[in-house]
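**Q** Have a look; sequence and predicted model below, questions after that.
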Amino acid sequence: MMKQGVCFKVLVAMMVLICGRAPASEKNIENAAKMPFEIIDVFVAGRTKIAQVPDAVERYGQYREPGIVQTNSGRLVVVTQARDHSKWPDRSGQDLVVRWSDDDGKTWGPVQMAASHGNYSICPNVVVYDSQTDQLHVLYNLFLWDYTIGSKGRKALKANGKLDKECEQYHIFSNDGGKTWSKPRNITEMLGNEVGAIYVFGSGRGVQLKHGEHQGRLVIPGGARRPKWGNQIFYSDDHGKTWKLGKQADKTSEAKKMNVRNECKVAEMLDGTLVMNCRSMPFRTRAFSDNGGSTWSAIESDEGLPTASINGSLVNHVDPKTKKEYLVFGAPAGPGRVNGFVFVSEDGGKTWPHRRLMLPTTVAYSSLCSMANGEIAMAFENEVYKHGSYRHIKMIKFRISDVLGYMDDLPTDRKDKNEGTYQNPN
């Protein structure tokens with residue numbers, strides 16, 4: 001570590017002397033006394049109440065895939081999935097719920113239902129904020145079969161020709177900061193998805209472009225199978241009325257060996273460059289666009305981000321005091337989905353000279369938001385429900401100065417032993 005004089009760092013230094021290594025290098029540290037930042041509850045399974053769902057406390061055993069944005073009024077809005085108890089967590093009749101804070105996350109308003117399709121499952125989903133119209137937009141994928149029949153039941157439907165289209169895609173919006181939402185609008189045909197395949201809206205948050213000829217464009221990262229799986233953006237140039245797909249990014253020969261996933265995030269730099277950051281192993285992968293995401297450079301390895309295979313988070317942040325621009329990335333460093341790190345780049349994602357262990361605990365999918373007061377918020381999944389799913393959505397806040405100058409030790413073993421071996425339960 002490069003900075004001195006903070007109690008947490010002194011504690012770490014003492015533990016290194018005693019144990020011979022940094023405490024987060026090999027295992028999860030479930031000890032609140034070692035947490036350098038306050039953890040804020042946003043959605044808590046077994047405790048969170050929802051007015052429209054009287055049995056929400058008992059019904060929803062898991063909250064997943066958060067996206068966090070801030071509106072013109074300063075309101076923080078978190079959109080996430082509320083999941084029923086299920087052997088197959090990703091197909092558990094997920095509903096979309098939303099919660100907001102008008103005091104920078106100190107207190108939170110009531111949870112509201114944003115979208116529900118009964119026993120059909122919403123997954124994945126992305127929220128993007130249009131600052132020009134003061135509207136929140138969400139795109140989500142919907143699985144068109146009752147989750148209670150399980151994986152075997154789904155296979156039987158397909159075998160019997162009763163599940164011609166497995167998925168549809170929908171759009172909803174809010175004009176009042178998340179209090180109320182439009183009826184779901186089917187945009188499957190608009191996106192050219194004639195076969196009813198899953199479209200992966202990269203899970204988390206999108207961005208509205210502020211620079212260049214595509215200023216105002218709403219950009220949502222993700223991927224689709226057209227005809228093969230690839231990473232691209234979904235975008236709107238008319239404030240959410242219509243949605244289109246950008247061109248898929250090619251991959252370098254090295255990236256083709258890294259199991260690049262469609263779960264990706266996008267950030268816009270001040271010069272208008274878009275940075276795409278993708279889930280992969282043993283390092284993250286990246287691509288760049290200079291035309292608003294219409295086309296991309298080839299996806300390549302980013303060896304400055306050696307994290308677990310996960311849907312991480314990415315945001316551009318301009319320090320309000322210095323006006324200096326930073327690219328901020330968050331993800332667990334492992335092994336598996338533990339030990340949440342934040343990495344900072346000063347050159348638009350080319351190098352990552354700063355990194356700090358922010359959350360020595362369970363951290364899965366996350367979403368970063370640059371706040372108007374100069375802080376950065378990170379909403380993240382916490383506490384394992386079953387493999388591949390998590391119970392709670394929590395949040396921390398920090399300043400860029402909390403990370404600059406750090407170069408914390410990384411785990412020597414980052415791989416999740418279950419990665420690539422998990423089978424859908426019956």
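**A** Perfect, thanks for sending it.
**Q** all contacts plus neighbour counts: C-alpha atoms, from now on.
**A** OK.
**Q** what residues does stretch 130-143 touch?
**A** Outside of stretch 130-143, the residues within contact range by CA atoms under 8 Å, 6 or more residues apart in numbering are 71-72, 91, 120-129, 166-178, 198-201, 208, 216, 218, 239-240.
**Q** What are the phi and psi values at the residue nearest to residue 366 when sequence neighbours are not counted?
**A** Excluding its sequence neighbours, the residue lying closest to residue 366 (CA to CA, 6 or more residues apart in numbering) is residue 380, at 4.1 Å. Main-chain torsions, residue 380, degrees, to the nearest 10: phi -150, psi 160.
**Q** Now do the contacts for residue 380.
**A** 66, 363, 364, 365, 366, 367, 393, 394, 395.
**Q** which one of these sits closest to residue 147?
**A** residue 66 (21.1 Å; CA to CA).
**Q** which residues does the closest residue to the closest one other than its chain neighbours contact?
**A** For residue 66, ignoring the flanking residues on the chain, the nearest one in space by CA to CA, 6+ apart is residue 80 at 4.4 Å. Contacts for residue 80 (CA under 8 Å, 6+ apart) come out as 63, 64, 65, 66, 67, 96, 97, 98, 125.
**Q** top of the residues you listed by neighbour count?
**A** residue 64 (31 neighbours; other CA atoms under 10 Å).
**Q** Give the helix, strand or coil label for that residue.
**A** Secondary structure assignment for residue 64 (DSSP: H, G, I helix; E, B strand; the rest coil): strand.
**Q** got it, and residue 192?
**A** Once three-state DSSP is applied, residue 192 turns out coil.
**Q** how near is it to residue 168?
**A** Using CA to CA, to the nearest Å, we find residue 192 at a distance of 11 Å from residue 168.
**Q** Compare those two and say which one has the larger neighbour count.
**A** Neighbour totals were compared for residue 192 and residue 168, and residue 168 leads with 22 against 12 (other CA under 10 Å).
**Q** tell me the secondary structure for that one?
**A** Local secondary structure at residue 168 is given as strand here, using three-state DSSP.
**Q** pLDDT score for it?
**A** pLDDT for residue 168: 96.
**Q** Then residue 154?
**A** On pLDDT, residue 154 comes in at 92.
**Q** Contacts only, for it.
**A** Contacts of residue 154 by CA under 8 Å, 6+ apart are residue 145.
**Q** Helix, strand, or coil at it?
**A** Per three-state DSSP, residue 154 ends up helix.
**Q** just checking, residue 310 touches residue 365?
**A** Yes. Using CA atoms under 8 Å, residue 310 and residue 365 qualify as a contacting pair, with a distance of 6.6 Å.
**Q** so what sits against both of these two?
**A** Residues touching both residue 310 and residue 365 (CA under 8 Å, 6+ apart) are residue 331.
**Q** so what's the backbone phi/psi at the residue nearest to residue 60 when sequence neighbours are not counted?
**A** Spatial nearest neighbour of residue 60, chain neighbours left out: residue 84 (4.5 Å); criterion: CA to CA, 6+ apart. Backbone torsions of residue 84, given as degrees, to the nearest 10, read phi -70, psi 170.
**Q** and residue 84, how many neighbours?
**A** Neighbours around residue 84, by other CA under 10 Å: 24.
**Q** Where does pLDDT dip in the stretch 101-250 of the chain?
**A** By pLDDT under 70, the stretch 101-250 of the chain contains no weakly predicted segment.
**Q** For it, which segments count as strands?
**A** 112-115, 121-130, 135-143, 167-174, 185-186, 200-201, 204-205, 207-208, 218-225, 229-236, 244-245 (DSSP state E, counting those that start in this stretch).
**Q** Which residues does the fourth one contact?
**A** By CA under 8 Å, 6+ apart, the residues outside strand 167-174 that reach it are 115, 135-144, 180-188, 196-199.
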